[in-house]
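Chemist: Next come a sequence and a model predicted from it.
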Amino acid sequence: MVDLTKYNTLRVPVSADQFLDVTDFKQLPKLPDKYFILGHGANTLFTKDFPGLVLKISVTGFKVISETDIEVFIEAQAGQDWHELVTWTVNHNLSGMENMPLIPGTVGAAVVGNIGAYGQTQEDIFESINTTEGKFTKSEMSFAYRESFLKSHPEILVTSVTYKLSRIAHLNLTYSATRHTSLLPELQRMQALQKKHAQPDAGNDQAVEHVFSKSEQQYSISDVYQAVINLRNAKLPKVSEVGTAGSFFKNPLVSPELAATIKKSIPDLQVYPERLKGAEWVKLPAGMLLDTLGWRGKRIGNVGTWPSHALLVCNFGGATTGEEIYSFSENMRADVKKNFGIDLAYEVVVV
């Protein structure tokens, strides 16, 4: 048995029958019937020991494979750290990932879960993917909110992903264009701070947190990147310090009628119209539903939600088991079902 505690960000003490750290896809052995693919373990809840082979994908790196005056295509290996890739694109003034820094995990996990933040999603820049079962284009990936074709085919191992980035900034800052919190207030706060430090009589010679590279009315890619980092650092726990797997549940899709009923009891409930498979739906923020029911900051033993974010179920220390965390999260789901008639779907992969 191989201890997996350090290989999952919830720090659940579980083991696997076998473990293989994959550093070269050419050396992949013939896989057994029972195996599980792991990146950084940032979106996984192990509820028990795994009776098979766990593959940790550690093939990293990325490169520019083609470019024009406007577009740059980069190929990233499946084990490449997502935040490192985002940072590189921003440092090279390439637009498309600047709203998605500090999302823990690998490129392979990013495409499987179709990650997104602050108005950008992985699918927006996705071009193609290489896997152990061949190459897939965007039209074959069936991308949806936190979903992809690979979610229902966990046996397919991602080897690399190609993304299309732009030399022209396409910034997404406002709430009206997205289903996420607006970045504008934080950008304006940063701008005011920069102007204050720029005053000759400011009386403070400390280094400015971030200096804008453009005029007052035009933000840059790096400005947006830094604003997102500020917001995430302010409201989310650091994976290096707290056991967390990120958001536990997806924002639910419900009928407009049910949304209207719920809104009567939560007047400030945000609703986002969606069209899926030819039908009209409304997307609701799961975090707000849980907040209303008192789940933000709630703890039972060493398991609880983060004080500023009800969607983050955390392991606050000790030998907390996966069963305890799962039980806590199931109680959250049952409460939402009882009060709002909604079955919350897990965003984390429950093993």
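Modeler: Nice, thanks for sending it over.
Chemist: Who are the packing partners of the longest helix seen in the chain?
Modeler: Using DSSP state H to define each element, the chain has its longest helix at helix 322-340. Helices and strands touching helix 322-340, as assessed by 3 or more CB pairs under 8 Å, 6 or more residues apart in numbering; DSSP states H and E, comprise strand 44-45, helix 286-292, strand 303-306, strand 309-315. Where you see a C-beta, it was placed from the backbone N, CA and C, and this is true even at glycine.
Chemist: Serialize the ones you listed to a markdown table and add fields for mean neighbour count.
Modeler: As requested, these are exported to a markdown table (neighbours: other CB atoms under 10 Å):
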| stretch | mean neighbour count |
| --- | --- |
| strand 44-45 | 24 |
| helix 286-292 | 20 |
| strand 303-306 | 21 |
| strand 309-315 | 24 |
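Chemist: could I get the ones you listed as CSV with mean pLDDT?
Modeler: Below are the helices and strands packed on helix 322-340 laid out as CSV (pLDDT from 0 to 100):
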stretch, mean pLDDT
strand 44-45, 96
helix 286-292, 95
strand 303-306, 96
strand 309-315, 94
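Chemist: Could you dump those into CSV and include distance to Val12?
Modeler: Formatted as CSV, the helices and strands packed on helix 322-340 follow (distance: least, CB to CB, whole Å):
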stretch, distance to Val12
strand 44-45, 7
helix 286-292, 22
strand 303-306, 11
strand 309-315, 7
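Chemist: Go through these and name the closest to Ser240.
Modeler: Comparison of the helices and strands packed on helix 322-340 against Ser240 by CB to CB identifies strand 309-315 as nearest, at 13.2 Å.
Chemist: tilt between the closest one and helix 322-340?
Modeler: Counting by axes from the mean of the first three to the mean of the last three CA atoms, to 10 degrees, strand 309-315 lies at 160 degrees to helix 322-340.
Chemist: In its sheet, which strands sit next to strand 309-315, and in what direction?
Modeler: strand 243-247 (antiparallel), strand 303-306 (antiparallel) (DSSP bridges).
Chemist: coming back round to it: go through the helices and strands packed on helix 322-340 and name the closest to Leu187.
Modeler: Smallest distance to Leu187 across the helices and strands packed on helix 322-340 (CB to CB): 21.3 Å, for strand 309-315.
Chemist: quick one: contacts of the closest one?
Modeler: 10-12, 235-237, 242-249, 286-287, 290-291, 295-297, 302-306, 325, 328-329, 332 (CB atoms under 8 Å, 6 or more residues apart in numbering).
Chemist: does Ile342 really touch Met332, like I thought?
Modeler: No: Ile342 is beyond contact range of Met332, at 11.5 Å (criterion: CB atoms under 8 Å).
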